[in-house]
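Return a 3D structure for these sequence lines:
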Amino acid sequence: MEETISLKEIFEVLKKRIWMIISLAVGAAALSALITFFVLTPSYEASSQFIVNQSQDQSQNAAYDINDIRTNVELINTYNVIIKSPRILTEVSDELGLNMTAGQLADKIQVGNEQESQVVNVTATDTNPQRAVDIANTVVNVFKGEVPQLMNGVDNINILTEAELGPNPAPVSPNTVLNIAIALVIGTMIGVGLAFLLEYLDNTIKQEEDIEETLGLPVLGVVSTISEKDLPNKSPVRGRAKVSEIRGESVGT
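As a prediction, the model looks like this:
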């Protein structure tokens, strides 16, 4: 026989374990906040932009048209690979005095551009905001200086925007609000799952239906629980006093 559970039974289980669910959710959120504030190291981002446009030879050519722009856009894909190559990043590391290999420095850099755009963004991420700014600007400057040698005299790179350090740089990670929200949801899910697990493992008899299902016997009667409030409003001391009075009267008579 298949067992089914109604929405009312689900609500009763959740209501019964509501404080456990709330405690786990709050505990998970508090733990996430502590880890975010005191364990995880904040990271900062800085971005520098350069534009890929026509070279000097192209600028003197009156036939410059949309095909030249398309060629520059296609060239950007090559530039994106060159920027993160050891040829560029090794020089950047040496110039900034960083104790990093080209591979380690490449993990801190992201290069990308909008679709059909000639503007390329170079974003550097580091635990030190000033170092992130230095990495982003140095990568672009070194790349701009190396392009003519690598591309046989092609010089079509112009720096559009340099990275700058603001007065109060804000970390991009960790995201405190997002981490706490995720921990709150996970804690709630764990609490709900644990509530149903405890209810499933609880085989104690709580009502008449449990007796019929467990023992297969019909319930003939129920003995209700009697509390002190249900007793007559007479204290034991007064009762004994009345008994002694009655006995005294009998003896006197």
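
mind listing the strands for the stretch 1-150 of the chain?
Along the stretch 1-150 of the chain, the segments classed as strands by DSSP state E, counting those that start in this stretch run 44-52, 109-113, 119-126.

for the first one, the distance to its chain's centre please.
Distance of strand 44-52 from the chain centroid (CA atoms, centre = their mean, to the nearest Å) equals 27 Å.

For it, name the packing helices and strands.
Packing partners of strand 44-52 (3 or more CB pairs under 8 Å, 6 or more residues apart in numbering; DSSP states H and E): helix 66-83, strand 119-126, helix 129-150, strand 157-161. Yep, even glycine has a C-beta here, placed from its N, CA and C like the rest.

okay, it in CSV with CA atoms only?
The C-alpha coordinates for strand 44-52 follow below in CSV (Å, rounded to 0.1, in the frame of the first residue of the first chain):
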residue,chain,number,x,y,z
TYR,A,44,40.0,44.5,-6.8
GLU,A,45,39.7,45.2,-10.5
ALA,A,46,41.1,47.9,-12.8
SER,A,47,40.5,48.3,-16.5
SER,A,48,42.4,50.0,-19.3
GLN,A,49,41.1,50.4,-22.8
PHE,A,50,42.7,50.8,-26.2
ILE,A,51,41.3,51.2,-29.7
VAL,A,52,42.4,49.4,-32.8
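
Mind checking the helices and strands packed on strand 44-52 for the one nearest to Ile205?
Nearest to Ile205 among the helices and strands packed on strand 44-52 is strand 119-126 (60.4 Å), distances taken as CB to CB.

Give me the buried stretch members for that closest one, please.
Neighbour-count burial for strand 119-126, counted by 16 or more other CB atoms under 10 Å, picks out Val120, Asn121, Val122, Thr123, Ala124, Thr125, Asp126.

Contacts only, for the residue nearest to the third one when sequence neighbours are not counted.
Of all residues beyond its chain neighbours, the one nearest Val122 is Ser48 (5.0 Å), with distances taken as CB to CB, 6 or more residues apart in numbering. Neighbouring residues of Ser48 by CB atoms under 8 Å, 6 or more residues apart in numbering: Asn121, Val122, Ala136, Asn137, Val139, Val140, Ile159, Thr161, Glu162, Ala163.
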